[in-house]
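Novice: sequence and predicted structure below; questions after.
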Amino acid sequence: MAETVLKLDGVSKVYGYGRPGAIQTRALDDVSLDVKRGEFLLVVGSSGSGKSTLLNMIGLLDRPTTGTISIDGTETSQLSDSHLSMFRSSRLGFVFQFANLIQELSVIENVELPCQILGGPDANVGSRARSLLDAVDMGEHIHKRANMISGGQAQRAAIARGLINEPALVLADEPTGNLDSKTASVIVDLMKRMASEIGQTFVVVTHDRHQFADVDRIITIRDGTVHEGETD
Ligand SMILES: Nc1ncnc2c1ncn2[C@@H]1O[C@H](COP(=O)(O)OP(=O)(O)OP(=O)(O)O)[C@@H](O)[C@H]1O
Ligand SMILES: [Mg+2]
């Protein structure tokens, strides 16, 4: 039985909670979820169902109103804000709809950036960045400035950046949302290859269900609750 890398227990998120007079929105309602190491989990559901809220909770970008989230064996509600940001930088990788590369830096500098943020000398960062950029078929562009490459190339670099810290979990919110369908399928294949070749765990939110044929597991979010499979 594979090891659990992510566990949510009774997680709810009520926006506006505890703020007198604020409108309260229950975006997540008692969500429990168990993700195994190496699993490729696709999260689908209609607009406003709570997908980004779920990903923001898992990504430790916001705290749940109630419930607990354990990542790689650490129960994260115990962490102070400063430990939380360190934990996030070292254990999680992020891929967003827009690559958000720093335009003034080269491709490889962008990929190395999460390691600089963590501080501490790491002699292997350069070679790891190179091999990841090779893996995403960007080996020929590593010294180009980020503003000199295409959107699809930028997203491939963003995936390499998301993997540079050897994270326990890579989180992606609409990673193909800004790409044409051909480029999107390259990006999807790439993530799936990373999952199968290096056993990387992915949690991916998408509207582009058809881009992700045969993934390990799909969950549907409906009104802040989680349902196994594709049920909408
Ligand atoms: N920062 C916020 N403050 C208040 N309400 C919010 C906030 N973020 C999201 N919501 C509300 O929480 C609910 C879930 O939103 P969420 O962004 O998680 O949906 P989503 O499934 O990602 O939608 P989409 O597919 O459109 O991206 C919605 O009703 C939304 O209006
Ligand atoms: Mg969203």
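Specialist: That came through, no problem. Numbering: from 1, shown residues only. Ligands and ions are numbered 1, 2, ... in the order given.

Novice: centre of the chain to the lowest-mean-pLDDT helix or strand in the chain, how far?
Specialist: The weakest-scoring helix or strand in the chain, judged by mean pLDDT, DSSP states H and E, is helix 181-198 (a mean of 87). Counting by C-alpha atoms, centre = their mean, to the nearest Å, helix 181-198 is centred 14 Å from the centre of its parent chain.

Novice: near ligand 1, which residues of the chain?
Specialist: Listed as neighbours of ligand 1 in the chain under the rule C-beta under 6 Å from any ligand atom: 15, 25, 27, 45, 47, 48, 49, 50, 51, 52, 53. C-beta here means a position set from N, CA and C on the backbone, and glycine is covered the same way.

Novice: okay, now the residue nearest to residue 46 when sequence neighbours are not counted: neighbour count?
Specialist: Leaving aside its sequence neighbours, residue 46 sits nearest to residue 232 (C-beta to C-beta, 6 or more residues apart in numbering; 6.2 Å). Neighbour count for residue 232, taken as other C-beta atoms under 10 Å: 12.

Novice: one more: residue 153?
Specialist: Residue 153 has 21 nearby residues by other C-beta under 10 Å.

Novice: can you tell me the SS state at it?
Specialist: What DSSP: H, G, I helix; E, B strand; the rest coil gives for residue 153 is helix.

Novice: what residues does it make contact with?
Specialist: Taking C-beta atoms under 8 Å, 6 or more residues apart in numbering, we find residue 153 in contact with 107, 138, 141.

Novice: which one of these sits in the busiest neighbourhood?
Specialist: Compared across those, residue 107 has the highest neighbour count, 27 neighbours, by other C-beta under 10 Å.

Novice: extract the C-alpha trace of stretch 19-39 and format it as PDB.
Specialist: Taking C-alpha atoms only, stretch 19-39 is exported to PDB below (Å, rounded to 0.1, in the frame of the first residue of the first chain):
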ATOM      1  CA  ARG A  19     -15.600  39.200  10.500                       C
ATOM      2  CA  PRO A  20     -18.700  40.900  11.800                       C
ATOM      3  CA  GLY A  21     -20.900  42.100   9.000                       C
ATOM      4  CA  ALA A  22     -19.000  40.300   6.300                       C
ATOM      5  CA  ILE A  23     -20.800  38.000   3.900                       C
ATOM      6  CA  GLN A  24     -20.000  34.400   4.700                       C
ATOM      7  CA  THR A  25     -19.300  31.900   1.900                       C
ATOM      8  CA  ARG A  26     -18.800  28.300   2.700                       C
ATOM      9  CA  ALA A  27     -16.400  27.400  -0.100                       C
ATOM     10  CA  LEU A  28     -15.400  24.000   1.300                       C
ATOM     11  CA  ASP A  29     -17.600  21.900   3.500                       C
ATOM     12  CA  ASP A  30     -16.100  19.100   5.600                       C
ATOM     13  CA  VAL A  31     -13.600  17.800   2.900                       C
ATOM     14  CA  SER A  32     -11.600  14.700   3.700                       C
ATOM     15  CA  LEU A  33      -9.100  13.400   1.200                       C
ATOM     16  CA  ASP A  34      -6.200  11.000   1.100                       C
ATOM     17  CA  VAL A  35      -3.600  11.200  -1.700                       C
ATOM     18  CA  LYS A  36      -0.900   8.500  -2.100                       C
ATOM     19  CA  ARG A  37       2.700   9.200  -3.200                       C
ATOM     20  CA  GLY A  38       3.000   9.100  -6.900                       C
ATOM     21  CA  GLU A  39      -0.700   9.600  -7.500                       C
END
